[in-house]
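**Student:** show me how the following folds:
(chains A and B)
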Amino acid sequence: MGESLAYGALVPPSPHGVRAAVGRVLRLGVLASTGLLVSGYALGLVSDPGAFTSKAVERAHLLGKAPFPHSLSALWSGIGRGSGEAVIVAGVLVLILTPVAGLVTSAVAFVRRRDFLFGAIATGVLSVILGSFVIGWLTS
Amino acid sequence: MDLIELSLLLFAVSLLAGVLGSLLGLGGGFVIVPVLSLALHLDIRLAIGTSIVAVAATSSAGAARNVGESITNLRVATFLAMATTIGAVTGALLSGVVDPRVLFTLFGLVLAFSGLQMLRSRGAAQNPSVGPDLAHVSAMRAKEPVLGDGSAKRKDRIAGRLALDSAYYDEAEEAQVPYVVANTGLGLGLMYLAGTVSGLLGIGSGVLKVPAMDIAMHIPMKVSTATSNLLIGLTAAASAVVYFARGDIDPLIAGPVAIGVLLGATQGSKLLRAIRADRLRVLFVVALMIVAVQMLWKGIS
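**Tutor:** Numbering: from 1, shown residues only, chains lettered A, B, ... in the order given. So this is what the prediction gives:
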């Protein structure tokens, strides 16, 4: 990498393709989760108005008994039953994973542009995050 | 209060948190957690679980456009993410070892200090009519030909090797703003500490990441907040999975918060492109002082 080039030309050094690809994935994640969140709400209000108009503040004190899906299996069965709550949870999960999807995209895009150093850095960050997913899931 | 009213309230608060979060490079937790726990008396675990969702929303919606337009520096973010994510894991492993009250006090003091530093360091010495960041740029432009032919030695070799320097188009100045990244080693160390603090205290640490980039690494204010915004989403994702599995993320609370923050953060990222850098700095310092008071309060009470 020519230092004088990075200095003199002052061209944004990140190849535009990488940034555009990451931006696209982030926008897609935001759109998908917004869609799930809004439709989950609509579904819940139509199919289960009782739960959706109960006193949520009281419900919050039930914490620990967590009456909403918080494992993947409960999430799948909830979506199967057409539960609005489960669809909202799916939207939240998509949202949480969107930055990680952006990171995966950048790792792939860097490698494709033969920027192996940054490909390796992005992959390293990804493995730390995936490692903490595993540790977190096992210890909770 | 029934759920519809609660949802509308959460939506309104989150809209504000999203705008401020994506504008200032913070997660918005400093707005959401006090409202949820103090005003609505929700369990603190639920409040923190919800705020983690808000961080993910701010980050994704804020960075969605700004990455493509180079306001977010993707290379700097990727490079610094090494330190913040490893720091977050360290913090999570250390939690329970250190008394959180001592940490909150320490953190509050560090924030107050960095706030003062941010106001003093680059604002004061420069021509006030030009504004700190524009002055910085014109100083750089003057140096440009000297550096271009290689007669001046580059201060930071890591930043050169990794090609971290970049430029962004500033809508407020109507100019392309080039910048040179400095002190990458120091920046990496500070990011590790910021990650550790967020792992230990369960807070997003944009308030530490922005000053680290702005003061230590000489990255322009707008790029610092936008890059911090992308970084906090990655750190949040790692801990959000734990909160989800523990049942701390209630869809009926996190749902309206997520929708509000997504909309707010999209607007906030537009505002970030249009705002003047010196005003952004003042706004950031105000938010930083609010967080400092919150943290000191937690440490003392």
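**Student:** give me the secondary structure label for the residue most central in space within chain A.
**Tutor:** By C-alpha atoms, centre = their mean, chain A has its centre lying nearest to residue A:97, at 1.9 Å. Under DSSP: H, G, I helix; E, B strand; the rest coil, the three-state class of residue A:97 is helix.
**Student:** do residue B:176 as well
**Tutor:** Strictly by three-state DSSP, residue B:176 counts as strand.
**Student:** and the residue nearest to the centre of chain A, what is it in contact with?
**Tutor:** Residue A:97 sits next to A:29, B:237 when contact means C-beta atoms under 8 Å, 6 or more residues apart in numbering or on different chains. For the C-beta atoms, the positions are set from N, CA and C on the backbone; glycine is no exception.
**Student:** for the chain, name the helix or strand with the lowest mean pLDDT.
**Tutor:** If you meant another chain, say so; for now it's chain A. Least confident helix or strand, chain A: helix A:3-8 with a mean of 41, by mean pLDDT, DSSP states H and E.
**Student:** the intended chain is chain B.
**Tutor:** Here the helix or strand of chain B ranked lowest by mean pLDDT, DSSP H and E is helix B:132-148, holding a mean of 46.
**Student:** what packs against whatever helix or strand comes next after that one?
**Tutor:** Going down the chain from helix B:132-148, the next helix or strand is helix B:157-161, by DSSP states H and E. On a contact count with 3 or more C-beta pairs under 8 Å, 6 or more residues apart in numbering or on different chains; DSSP states H and E, helix B:157-161 meets helix A:3-8, helix B:184-201.
**Student:** now the longest one: mean pLDDT?
**Tutor:** It stands for helix B:184-201. On average, the pLDDT along helix B:184-201 is 89.
**Student:** for chain A, what's the longest helix?
**Tutor:** The residue-count maximum for a helix in chain A (DSSP state H) belongs to helix A:16-47.
**Student:** residues of that one that come out buried?
**Tutor:** For helix A:16-47, a neighbour-count test (16 or more other C-beta atoms under 10 Å in any protein chain shown) marks A:18-19, A:21-23, A:25-30, A:33-34, A:36-37, A:40-41, A:43-44 as buried.
**Student:** which helix or strand contains residue B:168?
**Tutor:** Here residue B:168 is assigned to strand B:166-170, by DSSP H and E.
**Student:** direction included, what does that strand pair up with?
**Tutor:** If you go by DSSP bridges, strand B:166-170 pairs up with strand B:175-179 (antiparallel).
**Student:** separation between the residue nearest to the centre of chain A and residue A:77?
**Tutor:** Look at residue A:97 and residue A:77: by C-beta to C-beta, to the nearest Å, they are 20 Å apart.
**Student:** also residue B:110?
**Tutor:** Distance, residue B:110 to residue A:77, by C-beta to C-beta: 46 Å.
**Student:** need the pLDDT of the closest residue in space to residue B:53 that isn't next to it in sequence.
**Tutor:** Of all residues not flanking residue B:53 in the chain, residue B:254 sits nearest, at 4.5 Å (C-beta to C-beta, 6 or more residues apart in numbering or on different chains). Listed pLDDT for residue B:254 reads 90.
**Student:** residue B:254 is in what secondary structure piece?
**Tutor:** helix B:251-274.
**Student:** now residue B:251: closest residue in space that isn't a chain neighbour?
**Tutor:** Leaving aside its chain neighbours, residue B:251 sits nearest to residue A:88 (3.8 Å; criterion: C-beta to C-beta, 6+ apart).
**Student:** average model confidence for the helix or strand where the one you found lies?
**Tutor:** Per DSSP H and E: residue A:88 is located in helix A:84-112. Helix A:84-112 shows a mean pLDDT of 93.
**Student:** in it, what counts as buried?
**Tutor:** Using 16+ other C-beta under 10 Å as the test for burial, helix A:84-112 gives A:84-107, A:109-110.
**Student:** pLDDT value on residue B:5, please?
**Tutor:** Per-residue confidence (pLDDT) for residue B:5: 79.
**Student:** count of neighbours near it?
**Tutor:** Residue B:5 is flanked by 10 other residues according to other C-beta atoms under 10 Å in any protein chain shown.
**Student:** please look at residue A:23 and residue B:61 and confirm they touch.
**Tutor:** No. Residue A:23 lies out of contact with residue B:61 (C-beta atoms under 8 Å); the separation is 11.6 Å.
**Student:** what sits against residue B:83?
**Tutor:** Going by C-beta under 8 Å, 6+ apart, residue B:83 touches B:188-189, B:191-192, B:195.
**Student:** try 7 Å this time
**Tutor:** Contact analysis of residue B:83 by C-beta atoms under 7 Å, 6 or more residues apart in numbering or on different chains lists B:188, B:191-192, B:195.
**Student:** and it, how far from residue B:209?
**Tutor:** Taken as C-beta to C-beta, the span from residue B:83 to residue B:209 is 10 Å.
**Student:** quick one on the thing from earlier: intersect the buried residues of helix A:16-47 with the contacts of chain B.
**Tutor:** Restricting the buried residues of helix A:16-47 to those within reach of chain B (C-beta under 7 Å from any C-beta of the partner chain) leaves A:18-19, A:22-23, A:26-27, A:29-30, A:34, A:37, A:40-41.
**Student:** got any ranges where the chain has weak pLDDT?
**Tutor:** Here I'm looking at chain A. Along chain A, the model assigns pLDDT under 70 to residues A:1-15, A:50-67, A:140.
**Student:** switch to chain B, please.
**Tutor:** Scanning chain B for pLDDT under 70 picks out the ranges B:1-2, B:121-155, B:202, B:204.
**Student:** so in it, which helix runs the longest?
**Tutor:** Secondary structure of chain B per DSSP H: the longest helix is helix B:221-246.
**Student:** and it with helix A:16-47, angle?
**Tutor:** Put simply, helix B:221-246 runs at 40 degrees to helix A:16-47, going by axes from the mean of the first three to the mean of the last three C-alpha atoms, to 10 degrees.
**Student:** and helix B:221-246 with chain A, contact?
**Tutor:** Yes. Residues of helix B:221-246 contacting chain A under C-beta under 7 Å from any C-beta: B:233-234, B:237-242, B:244-246.
**Student:** save the residues you listed as a markdown table, and put in distance to residue B:181 and neighbour count too.
**Tutor:** Shown next, in a markdown table, are those (distance: C-beta to C-beta, whole Å; neighbours: other C-beta atoms under 10 Å in any protein chain shown):
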| residue | distance to residue B:181 | neighbour count |
| --- | --- | --- |
| B:233 | 21 | 30 |
| B:234 | 19 | 26 |
| B:237 | 25 | 27 |
| B:238 | 25 | 28 |
| B:239 | 28 | 25 |
| B:240 | 29 | 27 |
| B:241 | 32 | 24 |
| B:242 | 33 | 21 |
| B:244 | 35 | 26 |
| B:245 | 38 | 18 |
| B:246 | 38 | 17 |
